[in-house]
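Novice: One predicted model, sequence on top.
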Amino acid sequence: MNNVFKPIKYLSIIMLVVIISAVITYIVNPNFSDTLNSVSSNISKSVSQKSGLNLVVAYIFNNGFKVPMGMLFFSIIPVRFLYWIQPLFTAILPGILFGIAFRYSVAKAFIILISSLPHMLLEIFAFCLWMVAS
């Protein structure tokens with residue numbers, strides 16, 4: 001019975017990380033144009049040189065092969081704290097996005113938050129199920 005509520009406990013911890021990263025980003029107030037330029041200049045060559053259907057295939061390859069291989073690699077290593085790395089990074093990035101969005105426009109930030117919340121919750125909950133199963 002304890003394993004039934006474990007994914008929900010992990011989900012609440014990771015959602016707390018999303019909120020904390022959003023609040024920290026809101027307080028720090030990063031320069032939006034510098035942040036955007038930094039992110040866009042660090043795109044890997046394999047993605048920046050592709051467009052159209054090739055970009056879609058690269059995206060599917062990344063999410064359908066590379067990420068599951070990383071999850072398999074982490075599940076083979078019997079060190080429990082390593083299972084938190086991928087879900088934490090998955091949670092921190094939307095928190096940063098929400099913090100930047102709330103800094104510049106509260107109305108648009110709520111639109112971004114409401115539109116991305118269902119996908120984010122399902123994805124993070126899947127990570128929580130994976131963490132319990134491993």
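Specialist: Here it is on my side, so go on.
Novice: Show the residue spans covered by the helices in the chain.
Specialist: All helices of the chain, identified by DSSP state H, fall at 2-28, 32-41, 45-48, 53-61, 67-76, 85-104, 106-133.
Novice: TSV for those, including mean pLDDT and mean neighbour count?
Specialist: Yep, even glycine has a C-beta here, placed from its N, CA and C like the rest. Listed next are the helices of the chain as TSV, based on pLDDT from 0 to 100; neighbours: other CB atoms under 10 Å:
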stretch	mean pLDDT	mean neighbour count
helix 2-28	89	15
helix 32-41	69	10
helix 45-48	66	11
helix 53-61	81	12
helix 67-76	80	12
helix 85-104	88	18
helix 106-133	88	14
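Novice: Tell me who's in contact with the residue nearest to the spatial centre of the chain.
Specialist: Ranked by distance to the mean C-alpha position of the chain (CA atoms, centre = their mean), the top residue is residue 90 at 2.3 Å. Taking CB atoms under 8 Å, 6 or more residues apart in numbering, we find residue 90 in contact with 123, 124, 127.
Novice: roughly how far apart are it and residue 104?
Specialist: 23 Å (CB to CB, to the nearest Å).
Novice: that older thread, need the contacts of residue 90 in TSV (columns: distance to residue 77).
Specialist: Putting the contacts of residue 90 into TSV (distance: CB to CB, whole Å) gives the following:
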residue	distance to residue 77
123	22
124	21
127	16
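Novice: So which of these is the closest to residue 27?
Specialist: Proximity of the contacts of residue 90 to residue 27 (CB to CB) peaks at residue 124, which lies at 23.1 Å.
Novice: Is the closest one in contact with residue 89, as I believe?
Specialist: No. Distance between residue 124 and residue 89: 11.2 Å, which falls outside the contact criterion (CB atoms under 8 Å).
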